[in-house]
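In: build me a structure from this.
(chains A, B and C)
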Amino acid sequence: MSLRKQYWLMKSEPSDFSIDDLKSCKSTCWSGVRNYQARNYMRDEMKIGDRAFFYQSNAKQIGIVGTAKVIKEGYADYTAWDPKDKHYDPKSSPEKPVWFMVDIEIIKTCRKIITLNRLKSITELNHMGVVQRGNRLSVQQVSPEAWETILKLPEWN
DNA sequence: GCCAACGTTGGC
DNA sequence: GCCAACGTTGGC
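Out: Next up is the predicted model:
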């Protein structure tokens, strides 16, 4: 087990859940993720106090729009059990949950969006998953170096 | 709205 | 266990 704080990037489509939504509710469960790799991160790796970039995808403006922290560690995503839910999955049940989520709380929003193009233009961030072509993972690891680099950008102030 | 890249499913 | 077909993601 690592005591060191870890860093993440979490994608959301603003039409579904935006940074403003997070701002107004302050914290939320990150439900609806139906990808095994992303699930594994949330179930096994994400710890209370870990930090995450809030990234908006499939939007007019694409990129990082804020930061959040993990306030509750992996637990069963109960939205998978509701047949009426958009993310219903009959494979999952309360007895044998398949999908997991964490809770996050807003830390801050960018004054100005840090666009994907902007991230791509920064050489030190070339290794980031989100700038790689075809990367679809909705919960990604971020290196401490990338975290620092991005936090130093003027868009935050 | 298009479509390339990706993850998942299911037949064999 | 392979891999083609399919559905989804997400940038453009």
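In: contacting residues for A:D50?
Out: A:K5, A:Q6, A:Y7, A:W8, A:K69, A:V70 (C-beta atoms under 8 Å, 6 or more residues apart in numbering). Backbone N, C-alpha and C define where each C-beta goes, glycine included.
In: can I have the buried ones of those as a PyMOL selection?
Out: This is the PyMOL syntax for the buried subset of the contacts of A:D50, where burial follows 16 or more other C-beta atoms under 10 Å:
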select buried, chain A and resi 6+7+8+69+70
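In: which SS state does the residue of chain A found nearest DNA strand B fall under?
Out: Per C-beta to the nearest atom of the strand, A:G134 is where chain A lies closest to DNA strand B, at 2.2 Å. The three-state assignment at A:G134 reads coil, by DSSP: H, G, I helix; E, B strand; the rest coil.
In: and A:K72, by the same measure?
Out: A:K72 ends up strand, using three-state DSSP.
In: again with A:Q141
Out: strand.
In: pretty sure it sits against A:A38.
Out: No: under the criterion of C-beta atoms under 8 Å, A:Q141 makes no contact with A:A38, lying 10.7 Å away.
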